[in-house]
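Participant: From the sequence below, what's the structure:
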Amino acid sequence: MPELKPGLRGEKTILADESVAAEHIGGGARRVFSTPSMVALMERACTELVQPFLPEGDTTAGVIVHLHHLHATPLGLHVTAKVELTAVDGRFHDFAAEIFDERRKVGEGTHRRALIHTARFLERLEKGG
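Facilitator: Below is the predicted model:
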């Protein structure tokens, strides 16, 4: 299995549609891509980037998110999160992210994910801990 090292890059693109719209802003054709959806897109891009490097049964879970939502994206445009692994510190993975719609950069931030053993994590969750 190749080693997980800083500098690894990836991206994830989605369509800004009703499922990712801010519910409380505008209406109809004026609805926009929501900040929570931008966070979710960034997290998904980071997860998909490192998952192929992890042992079977392991994954990562988000623990810190810093995001600046710079511009509104109307529904109907594609939104892409471009992420880079910036550090591997024990079980923690740090990422830098830039988010673009089809017109411009709409967000930027950093994200930290922790390596977890999925079965152990779910077992602890079921026990309430």
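
Participant: Direction included, what does the helix or strand that Thr59 is a member of pair up with?
Facilitator: Assigning secondary structure by DSSP states H and E places Thr59 in strand 58-69. Take DSSP bridges as the rule and strand 58-69 pairs in its sheet with strand 105-117 (antiparallel).

Participant: The strand holding Thr59 - what's its average pLDDT?
Facilitator: What strand 58-69 shows for mean pLDDT is 97.

Participant: Would you mark the buried spots in it?
Facilitator: For strand 58-69, the neighbour count (16 or more other CB atoms under 10 Å) marks 58-60, 62, 65, 67, 69 as buried. From N, CA and C alone the C-beta is placed, and that goes for glycine too.

Participant: ok, these vs Ala114, which is closest?
Facilitator: Ala114 has its nearest neighbour among those in Thr60, at 6.3 Å by CB to CB.

Participant: residues of the longest helix anywhere in the chain that come out buried?
Facilitator: Counting by DSSP state H, the longest helix found in the chain is helix 35-50. Within helix 35-50, the residues scored as buried using 16+ other CB under 10 Å are 37-43, 45-47, 49-50.
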